[in-house]
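# Below: sequence and its predicted model.
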Amino acid sequence: AGWGTPSPPAVPTDYFHPAPPANASARANATLLMLARNADTESAVRSVRELEQSFNQRFNYPWVFLNDDDFSDDFKTRISNVVSGPVSFGRVPREHWVQPASIDEDRARAGREKMEKDGIIYGGSLSYRNMCRFNSGFFYRHPLLQQYRWYWRVEPDVHFHCDTPFDPFRYLADHGKVYGFTITMYEYEATIPTLWETTKEFMRLHPEHVAQDNAMGYISDNGGETYNLCHFWSNFEIADMDFWRGDAYSAYFDFLDAKGGFYYERWGDAPVHSLAAALFARKEQIHLFDEIGYEHNPYTHCPRGAGAWARGRCSCNPQGSFDYDGYSCMRQWDRIQ
Ligand code: GDP
Ligand code: MN
């Protein structure tokens with residue numbers, strides 16, 4: 001209450017049931033991570049509170065918030081009020097965010113204008129391209145993330161529909177996996193016209209980075225000749241930053257970045273991460289977290305496995321799950337299992 005406002009009578013604190021105490025020694029070296037703007041305060045707080053209630057109040061993992069601007073005091077105060085673990089707020093270094101000088105701005109502008117005219121979502125946006133490039137190749141280099149290996153990417157305005165009483169970081173770590181997802185779908189081809197040819201060129205130059213027993217069967221219907229546009233929806237990711245920091249992905253990102261497609265086209269971090277995970281990891285190292293009911297407008301993944309929906313006390317409708325929607329790539333994922 002504000003100063004001078006009398007507080008209404010409070011329920012005594014011994015009526016409250018505390019969350020089970022976190023077992024810090026069992027925790028993974030992990031953080032929850034959100035990139036956001038100050039204008040996202042309301043929706044960021046809502047996402048954080050939902051993940052705290054459904055998962056993190058049992059585990060108390062730290063949170064890291066990143067922004068290309070300074071976070072407002074209001075953002076920091078509002079967020080700090082709903083987290084159960086340590087929290088830090090960082091600014092993205094300018095050179096990790098803005099269009100590099102190596103990009104031909106006339107060509108980039110022509111690309112934006114054409115895509116805008118063609119009605120492609122975010123087609124004319126420069127800031128969206130900065131964001132996609134940052135999420136592709138820079139977030140895991142931020143000073144605040146150096147101490148961590150694992151991250152769970154969270155966005156403003158997402159929803160978590162089930163209890164998650166298990167530790168997904170530990171699950172991935174214990175099973176030698178590197179990447180977890182909940183939703184998979186097709187990318188708009190107009191945003192990545194040359195991404196697959198560029199990726200094939202990289203594979204020809206660097207066959208040593210391509211994993212045996214990879215997930216090529218998920219991203220291609222013809223043994224790698226063409227890309228079927230399937231990707232993991234990266235607004236949700238639980239993954240190993242050491243995979244992005246490793247030789248294969250570092251070389252791949254640098255190769256892509258040098259081609260300029262983040263600006264001349266509109267390469268998204270979702271297809272970039274997905275192609276890398278599918279090609280440079282073994283397919284067993286990629287994991288569908290069926291138990292995690294997750295919604296990012298307009299799609300929801302609702303658990304389908306036997307008992308998972310009931311065990312998670314999920315609020316989502318399994319019939320409304322995106323998994324076997326016509327636009328979903330879950331069939332392509334299933335066929336390589
Ligand atoms: P969409 O999910 O592809 O529609 O894209 P979003 O607008 O949700 O952006 C993806 C993520 O990047 C979200 O976490 C946003 O908060 C964040 N984001 C997008 N653009 C910017 C930006 O210009 N600055 C900052 N700080 N964050 C951004
Ligand atoms: Mn989003």
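In hand now; what should we look at? Ligands and ions are numbered 1, 2, ... in the order given.
# list the contacts for Ile121?
Contacts of Ile121 were listed using CB atoms under 8 Å, 6 or more residues apart in numbering, and they are Tyr188. For every residue, glycine as well, the C-beta is placed using N, CA and C.
# Contacts for the helix or strand that Thr77 is a member of next, please.
Element membership of Thr77 [criterion: DSSP states H and E] is helix 73-80. Helix 73-80 is contacted from outside by 36, 38, 41, 44-45, 48, 63, 65, 87, 89, using CB under 8 Å, 6+ apart.
# Mind doing that once more with 7 Å?
38, 41, 44-45, 48, 65, 87, 89 (CB atoms under 7 Å, 6 or more residues apart in numbering).
# Ala277 contacts Gly180, doesn't it?
No - if you go by CB atoms under 7 Å, Ala277 and Gly180 don't touch, sitting 10.0 Å apart.
# nearest to ligand 2, of the contacts of helix 73-80?
Ala44 (11.4 Å; CB to the ion).
# so what's the closest one closest to, chain neighbours aside?
In this structure, Ala44 finds its nearest non-sequential neighbour in Pro156, 4.3 Å apart by CB to CB, 6 or more residues apart in numbering.
# so where do the strands sit in the stretch 201-337 of the chain?
Secondary structure of the stretch 201-337 of the chain by DSSP state E, counting those that start in this stretch: the strands cover 230-232, 237-240, 286-288, 294-296, 299-301.
# of all those strands, which lies closest to Ala22?
strand 237-240 (18.0 Å; CB to CB).
# Listing partners with orientation, what would you give for that closest one?
strand 150-153 (antiparallel), strand 179-181 (antiparallel) (DSSP bridges).
# any idea which of those is most buried?
Of all the strands paired with strand 237-240, strand 179-181 has the most neighbours on average by mean count of other CB atoms under 10 Å, namely a mean of 24.
# mind checking the SS state of Asp70?
coil (DSSP: H, G, I helix; E, B strand; the rest coil).
# Counting neighbours, what do you get for the residue nearest to it when sequence neighbours are not counted?
Excluding the flanking residues, the one nearest Asp70 by CB to CB, 6+ apart is Arg91, at 5.8 Å. A total of 14 residues lie near Arg91 under the criterion other CB atoms under 10 Å.
# Now do stretch 112-119: everything it contacts.
123-124, 126, 190, 266.
# again with stretch 19-26
57-60.
# Scan the residues you listed and report the most crowded one.
Going by other CB under 10 Å, Phe59 tops those with 26 neighbours.
# Quick check: phi and psi on that residue?
The phi/psi pair for Phe59 (degrees, to the nearest 10) reads phi -120, psi -30.
# For ligand 1, see how far away the spatially closest residue to it that is not a sequence neighbour is.
Sequence neighbours aside, Ala22 is the residue nearest to Phe59 in space, at 5.6 Å (criterion: CB to CB, 6+ apart). With the distance defined as CB to the nearest ligand atom, to the nearest Å, Ala22 ends up 26 Å from ligand 1.
# could the strands paired with strand 237-240 go into TSV alongside distance to ligand 2?
Shown next, in TSV, are these (distance: least, CB to the ion, whole Å):
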stretch	distance to ligand 2
strand 150-153	10
strand 179-181	15
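# What is the burial count for the nearest residue to Phe202 once chain neighbours are set aside?
In space, Phe202 comes closest to Phe255 once its chain neighbours are excluded; the distance is 4.9 Å by CB to CB, 6+ apart. By other CB under 10 Å, 15 other residues sit near Phe255.
# which ones are touching the residue nearest to His175 when sequence neighbours are not counted?
Closest residue in space to His175, ignoring its immediate chain neighbours: His287 at 7.6 Å, by CB to CB, 6+ apart. Applying CB under 7 Å, 6+ apart to His287 gives the contacts 172, 177, 179-180.
# Val272 now?
136, 256.
# what about 10 Å?
By CB atoms under 10 Å, 6 or more residues apart in numbering, the contact list for Val272 reads 132-133, 135-137, 192, 195, 199, 231, 234, 249, 252-253, 256-257, 261-262.
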